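Undergrad: Sequence first, then the predicted structure:
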Amino acid sequence: MNTDVVIVGGGPSGLTLGLALARHQVKSIILEKEHDITHDPRGVVLTGDALRSLWTLGLGKHVSSIGQEYFLRQLVASSEHCTLQSSCEVIGRDEHANGVTVHYLDSEKTPSQIHAAWLVGADGKRGIVRKHFLEPSAGVRQEPGIFEYEGIWIAANLKITLPTPQSHPDLALWAAGLDPESVYDLFWPANWHFCRPPGKPIACGRFGPHSERLWRHEFAVPEWNDSMDASAIFWENLIPLITRKIRPLHGGCPVEVTFPRDCIEVLRCRPFRFSHRVVNKWFAERTVLIGDAAHVFPPFGGQGVACGVQDAVGLAWRLAVLTKVGSLSHSQARQHGLLQSWASERRLGTDNSARLTRQNGELCNKESSWSLSVQLACVNIVQGFLGALGMRLGPFGKDSQGYHGCVGGGFTAEHGGGFKLGQVYVQTSLPDSSTSKVELSDQALRRIPTILTLLVVASTQCSKTEQELVALLQVLRQSGIDPSVLSEMSILQFDPSDSSDHLSGGSRWPVSRVASADLLTGYPVRPGYSSSQFMRRLGDSRARYVIVRPDNIVFAMSRDLGGLKSSLDALARSLC
């Protein structure tokens, strides 16, 4: 059996990589050891720009739902270019000059093998790809990241059953006018919580489908030793947190009520050793690591899954280039350079995630104090002010900065590259359509069939625009860049005008314009949404030609065709 890429591990990182490769018609096979999605997961939080990436890959309306891995598997099942094989255990690897052979036991435990150009390990911290393939042969190992953390936490997954007046008639909650759903919301509140009540740092919150009523409860146990009883320590920690003082509806003294213990099913409760570690090398020859195989985080930042998703989307387009551009197949130096630029970017991204984790950990792990309360109040005030301006505070804003400042990244800093495009709603008109549609700008960018997109910022009303675009075609043809990477099919025109007129068809290329507020009725709009952030990230009117990567990072931008020629020369040297 042959394919372009073999991915070991069918978790969020591996599935994301497979779907991202499929966007570029790169074939992949995902080998997953387990048969089904685990119902007792360790990673339960999805944060940051990972949501944006998953939306672009097709999750769309499902991205706000619980259970994204299920929908990712559905998308893989419907893909022509990506295949998931469950119950397959990888047992060996042979690496050749032009590819790898992966040996595995299929679902019937029959020895099988796959030949591929690339192997990606997305099989977790203790997965076979790093521990058994790369550690002995290439010295790849996980080392402490930008801060050292080693800690024992007890982690429990709980399934909650609603008490009712019939099942628990003596609960004082009914006299307070609460119904079963209100009781659930009171004791097991929505969202995710990092807290430091008197005692131990805690990370807890809901996960999974709402109807399942699943709850994750983790807390630090620095004094842990193997003689301790994890279950007993868990209940000792939980009981005070599920005890409330309830005032009866018709008056009287408050009554202390503990959520019924017989309504709490413990699915799993055991100690875990958490740490922050990052690989010293992200790849060796034709084998690459992503997700927990490359980095692990403590539980108080919620960064593990998100960081793995970003690993995948950054790697996918590079593997597409390596697969599609024939001149690269015999140039190990260029192959190494392309992957090293990804590794440099992802190390910066991992370090930024670690800084956020450390900041959140300091708040979570500190004892409660007056100074900490003042600090949190100030943070909330500043975040509220910046949010109104479409900005974010400190490490929370690192996603929007992209890889700006990354030495050796896959962009040209001298041509303004490295930052991440903003996302807004746009009104898009296609060449073969007389109507326009409202969509996210990422959707308009990803409709382009080539690996990279050339964003042309030009008004549709300017008489010189058509002449300039004709000259642009000549520049693209003379660039020498492989047409699968960038060609005249890569062009998306962006009209920066604030005209309220609806776009009409007839243009040679797709044309997008920021959608006015009256067109967004019925569309989900986040608090603090700013329609001006797209152009603001581009320096308002200073950019004319912008080369955009599939992960929304700007490779280069220029004000005129001369600057574009320089950008294309840099692109040809680095990619093609």
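TA: Received it, and whenever you're ready, just let me know what you need. Residues are numbered from 1 along each chain as shown.
Undergrad: how about the helices in the stretch 51-200 of the chain?
TA: Assigned by DSSP state H, counting those that start in this stretch, the stretch 51-200 of the chain shows helices spanning 68-77, 128, 135-138, 180-187.
Undergrad: so how far is E150 from the residue lying closest to L315 once chain neighbours are set aside?
TA: In this structure, L315 finds its nearest non-sequential neighbour in W342, 5.6 Å apart by CB to CB, 6 or more residues apart in numbering. Glycine gets a C-beta too; all of them are placed from N, C-alpha and C. Taking CB to CB, to the nearest Å as the measure, W342 and E150 are separated by 28 Å.
Undergrad: Those two: who's more crowded?
TA: A direct count of neighbours by other CB atoms under 10 Å for W342 and E150 places W342 higher, at 24 against 12.
Undergrad: The more buried one and P240, how far apart?
TA: Distance of W342 to P240, computed by CB to CB: 47 Å.
Undergrad: Mean neighbour count, the helices of the stretch 51-200 of the chain: which tops it?
TA: Stretch with highest mean neighbour count among the helices of the stretch 51-200 of the chain: helix 128 (a mean of 21; mean count of other CB atoms under 10 Å).
Undergrad: contacting residues around that one?
TA: With CB atoms under 8 Å, 6 or more residues apart in numbering as the test, helix 128 has contacts from V8, V90, I91, G121.
Undergrad: Please compute how far it lies from its chain's middle.
TA: Between the centre of helix 128 and the centre of its chain there are 23 Å (CA atoms, centre = their mean, to the nearest Å).
Undergrad: Mean confidence (pLDDT) on it, please.
TA: Regarding helix 128, the rounded mean pLDDT is 97.
Undergrad: neighbours around the residue lying closest to A176 once chain neighbours are set aside, how many?
TA: Excluding the flanking residues, the one nearest A176 by CB to CB, 6+ apart is I246, at 4.8 Å. Residues within reach of I246, counting by other CB under 10 Å, total 19.
Undergrad: And the strands in the stretch 351-500 of the chain?
TA: Using DSSP state E, counting those that start in this stretch, the strands found in the stretch 351-500 of the chain span residues 425-429, 436-440, 453-457, 491-495.
Undergrad: If you could redo that for the stretch 51-200 of the chain, that was the one I meant.
TA: Counting by DSSP E, counting those that start in this stretch, the strands of the stretch 51-200 of the chain are 82-85, 89-96, 99-105, 111-121, 142-144, 150-160, 192-195.
Undergrad: who's in contact with the third one?
TA: Which is strand 99-105. Residues from elsewhere that reach strand 99-105 (CB under 8 Å, 6+ apart): 6, 8, 31, 88-95, 111-119, 286-287.
Undergrad: Any of the residues you listed buried? List them.
TA: Buried members of those, scored by 16 or more other CB atoms under 10 Å, are 6, 8, 31, 88-90, 93, 95, 112, 114, 116-119, 286-287.
Undergrad: Out of the residues you listed, the closest to E218 would be?
TA: V8 (27.5 Å; CB to CB).
Undergrad: what's the distance between that closest one and N552?
TA: 27 Å.
Undergrad: next one: L54
TA: Using CB to CB, L54 is found at 13 Å from N552.
Undergrad: Kindly report the same for D351.
TA: The gap separating D351 from N552 is 20 Å, by CB to CB.
Undergrad: and these two? which has more neighbours close in?
TA: Neighbour count, other CB under 10 Å: between D351 and N552, N552 has more, with 24 against 16.
Undergrad: quick one: the more buried one and F411 touch, right?
TA: No - N552 is beyond contact range of F411, at 11.8 Å (criterion: CB atoms under 8 Å).
Undergrad: circling back: among the buried ones among the contacts of strand 99-105, show me the least confident.
TA: E95 (92).
Undergrad: Spit out the contact partners of it.
TA: Neighbouring residues of E95 by CB under 8 Å, 6+ apart: T101, L119, E285, R286, T287.
Undergrad: Between those residues, which sits nearest P144?
TA: Using CB to CB, T287 comes nearest to P144 of the contacts of E95, at 23.1 Å.
Undergrad: correct me, but the closest one touches A117?
TA: No - assessed by CB under 8 Å, T287 is found out of contact with A117, at 11.3 Å.
Undergrad: what's the first-to-last distance across stretch 270-281?
TA: Taking CA to CA, to the nearest Å, the first and last residues of stretch 270-281 lie 31 Å apart.
Undergrad: What are the buried residues along it?
TA: For stretch 270-281, by 16+ other CB under 10 Å, it's P271, F274, H276, R277, V278, V279.
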